[in-house]
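Undergrad: Sequence first, then the predicted structure, then my questions.
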Amino acid sequence: MVINPDRITAEEIVRDLRYSSAINLELFARGRTELIELKIGQQNPFAGKTLSQIGASTKPHFLICAVQRDGEAVIPTGNFRLEAGDYIHVTATPENMLELFRYLGMPLHKFKNAMIIGGGRITIYLTRQLIQMGVHVTIIEKDERRCRILCEYLPKAIVIHGDGTDIDLLQEEGIEHTDLLLALTGIDEQNIMISMYAQHVGKMRVMTKIDRIKFTDLLHFTGIESVISPVNTTATQIIRFVRATANSLESGIETLHKLVGGRIEAMEFIVRQPTDYLDKKLRDLPIKPDVLIPSIIRGGISIIPNGDTTIRLHDHVVAVSKDSNMNDLRDIFK
């Protein structure tokens with residue numbers, strides 16, 4: 001296995017930008033099912049309602065499979081009541097996810113202007129993809145030699161030699177008019193400070209790179225929500241590879257994503273061989289507590305399961321759990 005941490009981090013950023021109002025986006029079954037993280041605001045129609053009430057009154061087919069409240073991770077049941085300030089993780093097909101965003105009144109606009117603070121390797125990979133998407137990119141980098149390298153590699157971007165923590169410079173370059181700001185310097189404290197200022201002066205999407213993992217849980221209290229962690233991204237890739245290699249041939253892990261600061265895992269299993277839990281209703285299977293099956297992909301079609309749904313051979317099964325020792329679909333059962 002070969003990993004380029006800078007490239008995969010840039011790819012994760014671009015994926016997260018698909019929905020301008022989402023905090024994070026993860027994909028299962030080659031994009032047939034999406035898992036989105038959203039924050040419940042005061043005016044959100046879900047605030048104050050139980051999951052059962054939301055399911056009965058909302059047309060788009062989706063499932064809320066994890067909630068973070070006051071730093072605690074919860075895999076909710078139908079009686080769980082959402083509150084303003086909750087961070088929820090929602091699974092749905094891309095079509096239903098778009099419909100859900102429209103129902104919630106969340107913007108879906110595309111980004112036109114991006115400002116990147118810091119000119120490292122992640123910036124090079126990211127800028128190339130943003131330019132291909134039609135985004136106008138301005139990069140601020142304080143090292144003059146690095147600026148010359150950026151100009152050589154990124155001729156279609158505007159490269160500014162300056163200090164990204166200089167408020168006057170940020171204002172001169174129009175930070176209040178940008179759609180997207182990415183703080184990607186090599187110093188966590190600078191990235192946090194730049195991001196907090198950006199949130200103060202405009203309504204742009206702000207993404208912050210953090211290398212020290214202990215900082216990530218604290219950032220929610222600062223209002224910084226979209227956190228980029230190359231360490232976590234790389235570690236997840238390695239864990240996914242190791243656990244997939246250790247799987248049995250019966251139902252191996254295909255995809256693995258860490259949620260809520262790593263306290264919850266979302267796993268995609270592929271049922272490759274006949275087994276005793278196939279063709280039985282989910283309500284009749286001994287599924288462990290704090291385990292939820294939010295999606296089953298069958299024949300390229302994503303299904304939001306209920307108690308009558310069955311698991312069949314060749315299904316892709318998405319399971320969400322607090323248990324980080326699951327290597328096989330059989331591990332979700334008692």
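TA: Yep, it's here.
Undergrad: contacts and neighbour counts: CA atoms only from here.
TA: Noted.
Undergrad: Next, count neighbours for residue 166.
TA: Neighbours of residue 166 under the rule other CA atoms under 10 Å: 10.
Undergrad: what's the distance between it and residue 50?
TA: 46 Å (CA to CA, to the nearest Å).
Undergrad: pLDDT score for residue 220?
TA: As predicted, residue 220 sits at a pLDDT of 67.
Undergrad: Please parse the chain into its domains.
TA: Following automatic domain parsing, one finds the domains of the chain at 24-104, 111-232, 246-332.
Undergrad: The ones you listed into JSON lines, with extra columns for distance to residue 1?
TA: As requested, those are arranged in JSON lines below (distance: least, CA to CA, whole Å):
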{"stretch": "domain 24-104", "distance to residue 1": "20"}
{"stretch": "domain 111-232", "distance to residue 1": "17"}
{"stretch": "domain 246-332", "distance to residue 1": "15"}
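Undergrad: For residue 11, which of these is the nearest?
TA: Nearest to residue 11, of all the domains of the chain, is domain 111-232, at 7.2 Å by CA to CA.
Undergrad: distance between the ends of the closest one?
TA: End-to-end distance (CA to CA), domain 111-232: 26 Å.
Undergrad: re earlier: which stretch among the domains of the chain comes nearest residue 7?
TA: Nearest of the domains of the chain (CA to CA): domain 111-232, 6.1 Å.
Undergrad: quick one: that closest one to chain centroid distance?
TA: 18 Å (CA atoms, centre = their mean, to the nearest Å).
Undergrad: And the residue nearest to residue 85 when sequence neighbours are not counted, how far from residue 90?
TA: Once flanking residues are discounted, residue 85 sits nearest to residue 40: 5.3 Å by CA to CA, 6 or more residues apart in numbering. Distance, residue 40 to residue 90, using CA to CA: 12 Å.
Undergrad: Return the residues in contact with the residue nearest to residue 85.
TA: Residues near residue 40 by CA atoms under 8 Å, 6 or more residues apart in numbering: 46, 47, 83, 84, 85, 86, 87, 88.
Undergrad: Now a PyMOL select for only the buried ones of the residues you listed.
TA: Buried members of those, defined by 16 or more other CA atoms under 10 Å, are picked up in PyMOL with:
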select buried, resi 46+47+83+84+86+87+88
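Undergrad: Closest one of the contacts of residue 40 to residue 230?
TA: Using CA to CA, residue 87 is the member of the contacts of residue 40 that lies nearest residue 230, at 21.8 Å.
Undergrad: Find the nearest non-adjacent residue to that closest one, please.
TA: residue 39 (4.5 Å).
Undergrad: Likewise for residue 99?
TA: residue 60 (6.2 Å).
Undergrad: which other residues reach the helix or strand hosting residue 91?
TA: In this assignment (DSSP states H and E), residue 91 forms part of strand 87-92. Residues from elsewhere that reach strand 87-92, judged by CA under 8 Å, 6+ apart: 33-40, 61-69, 97, 294-295, 302, 304.
Undergrad: Sheet partners, orientation included, of that strand?
TA: strand 33-39 (antiparallel), strand 63-69 (antiparallel) (DSSP bridges).
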